[in-house]
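1. Sequence and predicted model, in that order:
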Amino acid sequence: MKNILITGGAGFIGSHVVRRFVTKYNNYHIYNLDALTYAGNLENLVDIEKASNYTFIKGDITDEVFISNLFQKHQFDGVIHLAAESHVDRSIEDPMAFVKTNVIGTVNLLNAARKLWENNYDGKRFYHVSTDEVYGSLGAEGLFTETTPYDPNSPYSASKASSDHFVRAYGETYGLPYVITNCSNNYGPNHFPEKLIPLFIHNIINNQSLPVYGDGNYTRDWLFVKDHAIAIDLVFHQGNNHETYNIGGFNEWKNIDLVKVLCQIMDTKLGRTPGKSAELITYVKDRPGHDLRYAIDANKINLELGWSPTVTFEQGLQITIDWYLENQDWLNNVTSGEYAAYYKKQYL
């Protein structure tokens, strides 16, 4: 039995990774460490919370002593590090919170792993999950590759870039076995409704305005969260040490075009007059440091590990919308703040 630590496992991407590992690998005990800040929601994992190979631990990766003791207690063989502050707008308001979690928190985990493994790295792995935003902004042409120079433009992307560098430095300096992945924008079930797709689904349901930054021509590559979890599984088990893999959906959309497609699908799902939801679109003042375009070249992970998306964007969007429409209690709990009471009810 291997002990695997997954940080941020109550969050959006993390919950899908935790579920995949708990249900697929009976020879692993999965420890889900999450601070349960605003985006951490244990209701994401009710279906596996009583599994014999699963343990939830409430804790903060910025607490150095706590993290060190946790590693010594559970003797982790591997780490999949997803815990992060991840919303650009929040990073503009409070950059220090991003430095503490994304940089100091990551270094605490690196130090604890290095101390526990004591240069006996056989069978050990530190997997750091990062973002394409560390590469900065693209023009109309080109793609981010694993060798694209870093050029972060927001406090969020700067903090993630810093954490990436620390992971690589620990690999070079101490020989720590690591892999890093940089992913594009994720979407899918269980996404906290402050990001574009879940926010707009929620607002369309409730006939609220759809705030589009600037002219809406910002372009993003979209990755279905379950395809991302499959990729993480592959990289954790088959990726080469000290390598970086970009994970993208081969799926570029301008924000305004995505919103219009979302409105069309929602009109059909809700039985509304075609074009009704699009009337909710409102253009708002752009945010500072807004990157024009992200686009991932995911050929390396495809060629080396055989990964590619399993669903088209249209299929994934249909699945996502259906999930939110079928789980409006979850959506209401999240938007009202009631989800935060689940931990107290189940674990205290």
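-> Nice, I can see it.

2. How about residues contacting stretch 52-72?
-> With contacts defined as CB atoms under 8 Å, 6 or more residues apart in numbering, stretch 52-72 is touched by 1, 5, 7, 9-10, 18, 22, 25-26, 28-36, 42, 45, 48-49, 83, 100-101, 104-106, 108-109, 111-113, 115-116, 343, 347. Any C-beta I mention is one placed from the backbone N, CA and C, and that applies to glycine too.

3. What subset of those is buried?
-> The neighbour count (16 or more other CB atoms under 10 Å) marks 5, 7, 9-10, 18, 22, 25, 28-36, 42, 45, 48-49, 83, 100-101, 104-106, 108-109, 111-113, 116, 343 as buried among those.

4. Next step: those residues restricted to strands.
-> Members of the buried ones among the contacts of stretch 52-72 lying in strands (criterion: DSSP state E): Leu5, Thr7, Tyr28, His29, Ile30, Tyr31, Asn32, Leu33, Asp34.

5. of all the residues you listed, which comes closest to Leu143?
-> Distance to Leu143 across these (CB to CB) is lowest for Thr7, with 28.9 Å.

6. Test my guess that the closest one contacts Gly78.
-> No. Using CB atoms under 8 Å, Thr7 makes no contact with Gly78, being 11.7 Å away.

7. In the stretch 1-150 of the chain, where is pLDDT below threshold?
-> For the stretch 1-150 of the chain, no stretch has pLDDT under 70.

8. and stretch 231-248, how far out from the chain's middle?
-> 15 Å (CA atoms, centre = their mean, to the nearest Å).

9. residues of it that come out buried?
-> 231-236, 239, 243-248.

10. Strands of the stretch 101-250 of the chain, start to end?
-> Under the criterion DSSP state E, counting those that start in this stretch, the stretch 101-250 of the chain carries strands at the ranges 125-131, 178-183, 185-187, 210-213, 219-224, 243-247.

11. The protein: helices as residue ranges?
-> Ranges of helices in the chain, per DSSP state H, are 12-24, 64-74, 88-93, 95-98, 105-117, 155-174, 196-205, 225-238, 255-270, 299-305, 313-326, 328-336, 341-347.

12. So what angle separates the directions of the first one and strand 28-34?
-> Looking back up the chat, that one is helix 12-24. 160 degrees (axes from the mean of the first three to the mean of the last three CA atoms, to 10 degrees).

13. Which elements pack onto helix 12-24?
-> With contacts taken as 3 or more CB pairs under 8 Å, 6 or more residues apart in numbering; DSSP states H and E, helix 12-24 sits against strand 2-7, strand 28-34, helix 225-238.

14. Name the residues that touch that helix?
-> 4, 6-9, 28, 30, 32, 34, 39, 41, 44-45, 47-48, 51, 53-54, 80, 82-83, 129, 186, 188, 190-192, 225-226, 228-230, 232-233.

15. for the stretch 201-348 of the chain, what are the low-confidence residue spans?
-> 289, 347-348.

16. Swap in 80 and give it another go.
-> 286-292, 339-340, 342-348 (pLDDT under 80).

17. Is Trp335 in contact with Pro198, as I believe?
-> Just so we're on the same page, residue 335 is Thr rather than Trp. No. Using CB under 8 Å, Thr335 is not in contact with Pro198; the gap is 9.8 Å.

18. the more surrounded of these two?
-> Pro198 (24 against 16; other CB atoms under 10 Å).

19. Let me know the outermost residue of the protein.
-> For the chain, the residue at maximal distance from the C-alpha centroid (CA atoms, centre = their mean) is Thr273, at 34.7 Å.

20. Who are the contact partners of that one?
-> By CB under 8 Å, 6+ apart, the contact list for Thr273 reads Asp267.

21. Just read off the phi/psi values of it.
-> phi -60, psi 130 (degrees, to the nearest 10).

22. Quick check: the gap between it and Asn206.
-> Distance, Thr273 to Asn206, by CB to CB, to the nearest Å: 17 Å.

23. How about Asn240?
-> 47 Å.
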